[in-house]
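J.: generate coordinates for the sequence data below:
(chains A and B)
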Amino acid sequence: MTAAAPFERALDLVVRVRGVRGAMLVSPADGLVVAEHLMEGIKGPAVAALAGSLANRLGRAMEASGIGRSVFWHLQGTDGALLVVPAPSGILVVAVTDPDVNVGLVRLELLGAAGVVG
Amino acid sequence: MSTRAVETWTLDPLKGFVNEVSARLVLLMTPAGQVIAQHGFSRAMDVMSAAALGAAIMASTAEIAKQLNQPPFGALTHQGERHGIFLGAVGTNRGSIVVLVVYDLDASSAGLVQLFFEQLATELQAASPKDSIPKQVLAADFERELSESLNTLFGR
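T.: All right, here's what the predicted structure looks like:
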C-alpha cells in the first residue's frame, strides 16, 4: 500500500455521493493539489487555488472577528457548489458538486475524510 | 506600484497578471537576463540584480535537466516564511521569455501564481509580434541598450 492510498480511499467515499463531481485534498499554504479524484472537465488547479486563497483569507477574518477556526464552508454558485472541511493538520478536504447536491451527506463524508487525512 | 515595459506588447498581459495574483514584483526578461518589462521595482540596481539571478537560475535548472536527458523544467517555486518566488519560461513569437514573480503569502499563493501564469503565457504568445525578429544586443551597443532600457523601465 502506498502512502497516498488512505487519501485516495477517503476521497473515494466523498465522490460516491450522488451529485459530487470531484473531491480533492488541497494544501492551504500554497493552494496546490495534494490528491484528487475529479470528473473530467473540472479544473483541479483552479479549484485548489481558489480554496487555498479563500482558506487563508477566511481564516484571518474569522480569527480577527473572534469566531474561531472554520470547520466547514459551503460556497454556493449558480452551476455548482464548493464544500470544504479543513482536516486537523490544516489540509483542506474539498468537494465540487452539482448545485442541488445533498449538502448534509457530503459534509458527513468530508468530515470522515478529514479524520482519515488527520 | 508602477508597471513598465521596454517591449510594449508585454504591458497589458503583465498588468492583468499582476492584478490577478496580487504580485509584489514581476520581471519579464530574455533567457540572457535582458529585461523586457517590470512591475514593482523602484531601483535600477535591484531590477538588474534580479534579472541576472533569475536568468542564472533558469540556466542552471536547464543544465540539470539536460544532464538528466529531460526537457527543460517548466517552472520553479520557492516558498519562504512571508514571500514566495516563482520562476517560469514562456514561449512567444519573439523567443522565450523568463518570468520572475515575487508574491506575499498573505495576498497570494503558489497555486494562484501557477494558475494565472498559464493565462499570462497564452496572452504573451498571442500578443507577441509575428512579423519581426528580436533585436540582438551587440556587445558594442550593450551599455547604450542597457541605459535605454533602464530609462524606459523607470520612466527617466
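
J.: and residue B:37, how far from residue A:56?
T.: When distance is defined by C-beta to C-beta, to the nearest Å, residue B:37 is 28 Å away from residue A:56. Where C-beta positions appear, they are placed from N, C-alpha and C, glycine not excepted.

J.: so which residue of chain A comes closest to chain B?
T.: Using C-beta to the nearest C-beta, residue A:31 is the residue of chain A that sits closest to chain B, at 2.6 Å.

J.: contacting residues around that residue?
T.: Contact analysis of residue A:31 by C-beta atoms under 8 Å, 6 or more residues apart in numbering or on different chains lists A:48, A:49, A:50, A:51, A:52, A:53, B:109, B:110, B:111, B:112.

J.: swap in 7 Å and give it another go.
T.: When contacts are counted by C-beta atoms under 7 Å, 6 or more residues apart in numbering or on different chains, residue A:31 is found next to A:48, A:49, A:52, A:53, B:109, B:110, B:111, B:112.

J.: redo the residues you listed as TSV? Include distance to residue B:54 and secondary structure.
T.: What follows is the contacts of residue A:31, written out as TSV (distance: C-beta to C-beta, whole Å; DSSP: H, G, I helix; E, B strand; the rest coil):
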residue	distance to residue B:54	secondary structure
A:48	26	helix
A:49	23	helix
A:52	25	helix
A:53	25	helix
B:109	20	coil
B:110	17	helix
B:111	21	helix
B:112	20	helix
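
J.: give me the buried subset of the residues you listed.
T.: Listed as buried from those are A:48, A:49, A:52, A:53, B:109, B:110, B:111, B:112; burial here means 16 or more other C-beta atoms under 10 Å in any protein chain shown.

J.: mind listing what's buried in stretch B:39-49?
T.: Residues of stretch B:39-49 classed as buried under the neighbour-count rule (16+ other C-beta under 10 Å) are B:39, B:40, B:41, B:44, B:47, B:48.

J.: which helices and strands does the helix or strand hosting the last one pack with?
T.: Yep, that's residue B:48 we're talking about. In this assignment (DSSP states H and E), residue B:48 forms part of helix B:44-67. Applying 3 or more C-beta pairs under 7 Å, 6 or more residues apart in numbering or on different chains; DSSP states H and E, we find helix B:44-67 packed against strand B:23-29, strand B:35-39, strand B:83-92, strand B:95-104.

J.: kindly recompute the last result at 10 Å.
T.: Counting contacts by 3 or more C-beta pairs under 10 Å, 6 or more residues apart in numbering or on different chains; DSSP states H and E, the secondary-structure elements packed against helix B:44-67 are strand B:23-29, strand B:35-39, strand B:75-79, strand B:83-92, strand B:95-104, helix B:142-153.

J.: got the CA positions of the last one in CSV?
T.: C-alpha atoms of helix B:142-153 as CSV (Å, rounded to 0.1, in the frame of the first residue of the first chain):
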residue,chain,number,x,y,z
PHE,B,142,25.3,46.8,-24.7
GLU,B,143,25.9,49.9,-22.4
ARG,B,144,23.7,52.1,-24.5
GLU,B,145,20.9,49.5,-24.8
LEU,B,146,21.1,48.9,-21.0
SER,B,147,20.9,52.6,-20.3
GLU,B,148,17.9,53.0,-22.7
SER,B,149,16.1,50.0,-21.1
LEU,B,150,16.6,51.3,-17.6
ASN,B,151,15.3,54.8,-18.7
THR,B,152,12.2,53.2,-20.1
LEU,B,153,11.7,50.8,-17.1
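
J.: most centrally placed residue in chain A?
T.: By C-alpha atoms, centre = their mean, chain A has its centre lying nearest to residue A:94, at 1.2 Å.

J.: okay, and the beta partners of that one?
T.: Residues found in beta-bridge contact with residue A:94 (criterion: DSSP bridges) are residue A:24, residue A:84.

J.: hmm, it is touching residue A:25, no?
T.: Yes: contact criterion C-beta atoms under 10 Å: residue A:94 and residue A:25 qualify, at 7.4 Å.
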